[in-house]
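Enquirer: Dropping a prediction and its sequence here:
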Amino acid sequence: MSAIALEQATGGFNFDNCRRNELLLSNGVLPGKIHKTGTTIAALTYKDGVVIAADTRCTAGTMIFDDNVLKIHRLSDNIYALGAGTSADCDFQTRMLESQLELLKLNQDRQVRVATAVRKIQQHLFRYQGYLGAYLIIVGVDVTGSHIATVHPHGSIAYLPFIASGSGGYTSLSVIEDRFKPNMTEDEAKKLVRDALYASTTTDLYSGSKINMFVLTKEKLDKFLPYEIVAARTEKQNDYTLAKGTTEVLSTTVKKIEFDIVNEKVKTTSGGHEAMELA
Amino acid sequence: MLGGFNPYQPCWDTINDKDDFNINSSAKTHIINPLETEAERSIRTRTVTPVVTGSSVAAFTFKDGVILAADILGSYGSLAKYRNHPRIHQVNDKTVLAVSGDLSDADYIKEAIDTKVDEDLVQEDGGEMTPLALYSWCTRLMYHRRTKFNPLLTSIIVAGMENKEPFLGRINDKGSAYKEFLIMTGIGNHLAQGWIRTILENSNKLNKDQAEQLMDRIIKQLFYRDCRAFARYRVCIVTNDGVEFKAKEVQPDWSLAPLLRNTE
């Protein structure tokens, strides 16, 4: 019995599900279709903290599944995660991590550090050998400073001054790399991230709709939901409602529909629901 | 009966190593197998993957002309083998051609074009190849090879001054061609196309110096992120005054290196 209700990971690899999957496949059960986010996510550090931004498009194949997805997940008051790759994996892994970090914070009575979050998710993802398709960017500000780290499904990480990930990552990366300087001001940083996301939402087919942006410092968290709407639905050019009388009524006929009474039932209805008793 | 025997065709096909003489089967003499069409023969001899490749080419139009840039590397897979192989080729005073992808196919195209230019020269009637004419010809060439299942595995960029106006177009190995104010081939497509397109769309027409500076920035970014890029590159500027080549080298900035780490 322990007071710490943390997840106790057993050592080594756990391949139980492989057997189950084989069995399912042999019985003709098809694997579920993976809904990906096809994303652009970007983060960069500036003088006081970090600026993170993500687009809001979720695609399933070539269809836009959801036009207003929040890809920025809270891990702690001072740590946030951006997720690209398989939607469900990002959502659930960050949610699990969030609860573990909360318990850790209560136990250690201190603000959680970014390095802790990164280490925990890295070790968890490694156990699944890349099958959890979560390409995450963990960002946060803690006592040691502001950090951003990229985490790949197999468990590799990198702490970098700026990161752009997802299908539109290449495009965003070039924009940021061209203009990045250490210790930028908040306005410069926001503009740079906005430009990076704008370039990839307009170029990459799987990113788009809106740009969500968070600014995280030691003191504050600014949320811009959305920061900018890139793909705005245009107003209808004309009024397409038809005026009354557009269709000319040529003739009116009223007919009685013949019917036979098949069954008659009489029921009494009482005012309240006396029958409802919680036995 | 000598049905199908053609004395004007070589009997010995060493490349495909087939028994054309039907030595081992006495029943069939000198019969050409109907399945052995030219396309089928070529399938065994064509290049399916590029061997020596050039990386990306970046090109865009500015107020008075077109600017292109490409590094001078021919990669043999992941080996940087030919480090002084310029990929921008001047066709005449107002047309240039840049290539990326398989460089042997690129040389074939260059030779064909040079032959055409010489033929025009010999006529001595003032006829000169214009960029649009070259673009159309390249499209036909690439598509023709595609239909024979023997594509030229290069992307061609044709640039120049067409009727004193800047012209820029690209043809890929399938024969798909388009004209645009900004063209990137190879990985430059992913890395730089979106970035530069938003810059060019949101700014007025650049002049020559601004265009050169922007091109330097582009090549620097490609050098940072492309595994098959090279620091030395050529910039080509085509204006109504003619074609100008410049040899440059990327000056990369590694000052951010201490900030990168993969442990806490």
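Expert: Nice, thanks for sending it over.

Enquirer: need the strands for chain B, in chain order.
Expert: B:52-54, B:57-61, B:65-71, B:74-76, B:79-82, B:88-92, B:95-102, B:154-162, B:165-171, B:177-179, B:182-184, B:232-239, B:242-249 (DSSP state E).

Enquirer: Turn these into CSV, columns for mean pLDDT and distance to A:N21.
Expert: In this view, the C-beta of every residue, glycine as well, is placed from N, C-alpha and C. Formatted as CSV, these follow (pLDDT from 0 to 100; distance: least, Cβ to Cβ, whole Å):
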stretch, mean pLDDT, distance to A:N21
strand B:52-54, 94, 40
strand B:57-61, 96, 46
strand B:65-71, 96, 47
strand B:74-76, 95, 40
strand B:79-82, 94, 41
strand B:88-92, 94, 53
strand B:95-102, 96, 41
strand B:154-162, 95, 42
strand B:165-171, 96, 45
strand B:177-179, 95, 45
strand B:182-184, 95, 42
strand B:232-239, 96, 50
strand B:242-249, 96, 53
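
Enquirer: For chain A, what's the nearest residue on the stretch 101-250 of chain B?
Expert: Distances between the stretch 101-250 of chain B and chain A by Cβ to the nearest Cβ are smallest at B:G194, namely 3.0 Å.

Enquirer: Flag every residue of chain B that's near chain A.
Expert: B:190-195, B:197-198, B:217, B:220-221, B:224-225, B:256, B:259-264 (Cβ under 8 Å from any Cβ of the partner chain).

Enquirer: Type out the ChimeraX command that picks the buried ones from the residues you listed.
Expert: This is the ChimeraX syntax for the buried subset of the residues of chain B next to chain A, where burial follows 16 or more other Cβ atoms under 10 Å in any protein chain shown:
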select /B:190,191,192,193,194,195,197,198,217,220,221,224,225
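
Enquirer: coming back round to it: can you lay out the strands of chain B as TSV showing mean neighbour count?
Expert: Shown next, in TSV, are the strands of chain B (neighbours: other Cβ atoms under 10 Å in any protein chain shown):
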stretch	mean neighbour count
strand B:52-54	23
strand B:57-61	27
strand B:65-71	26
strand B:74-76	20
strand B:79-82	12
strand B:88-92	19
strand B:95-102	24
strand B:154-162	27
strand B:165-171	22
strand B:177-179	15
strand B:182-184	23
strand B:232-239	22
strand B:242-249	14
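
Enquirer: Looking at these, which is nearest to A:V193?
Expert: Ranking those by proximity to A:V193 (Cβ to Cβ) places strand B:182-184 first, at 22.9 Å.

Enquirer: helices or strands up against that closest one?
Expert: strand B:57-61, strand B:165-171, helix B:193-201 (3 or more Cβ pairs under 8 Å, 6 or more residues apart in numbering or on different chains; DSSP states H and E).

Enquirer: could you redo the last one with a cut-off of 7 Å?
Expert: strand B:57-61, helix B:193-201 (3 or more Cβ pairs under 7 Å, 6 or more residues apart in numbering or on different chains; DSSP states H and E).

Enquirer: The longest one vs strand B:57-61, what angle?
Expert: Right, helix B:193-201. 20 degrees (axes from the mean of the first three to the mean of the last three Cα atoms, to 10 degrees).

Enquirer: which ones are touching the nearest residue to B:A159 once chain neighbours are set aside?
Expert: Spatial nearest neighbour of B:A159, excluding adjacent residues (Cβ to Cβ, 6 or more residues apart in numbering or on different chains): B:V66 at 4.3 Å. B:V66 sits next to B:A59, B:A159, B:G160, B:P166, B:F167, B:L168, B:V238 when contact means Cβ atoms under 7 Å, 6 or more residues apart in numbering or on different chains.

Enquirer: where does the residue of chain A found nearest chain B fall, phi/psi-wise?
Expert: Of all residues in chain A, the one sitting closest to chain B is A:T203 (3.0 Å; Cβ to the nearest Cβ). The phi and psi values for A:T203, taken as degrees, to the nearest 10, are phi -100, psi -50.

Enquirer: Wait, a helix at A:D195?
Expert: Yes - with DSSP: H, G, I helix; E, B strand; the rest coil as the criterion, A:D195 is part of a helix.

Enquirer: circling back to that earlier point, give the contact list for the residue of chain A closest to chain B.
Expert: In this structure, A:T203 makes contact with A:G168, A:T171, B:Q193, B:G194, B:R197, judged by Cβ under 7 Å, 6+ apart.

Enquirer: bridging residues for the closest residue to the third one other than its chain neighbours?
Expert: The one in question is B:Q193. In this structure, B:Q193 finds its nearest non-sequential neighbour in B:M184, 4.7 Å apart by Cβ to Cβ, 6+ apart. According to DSSP bridges, the residues that bridge with B:M184 are B:A58.
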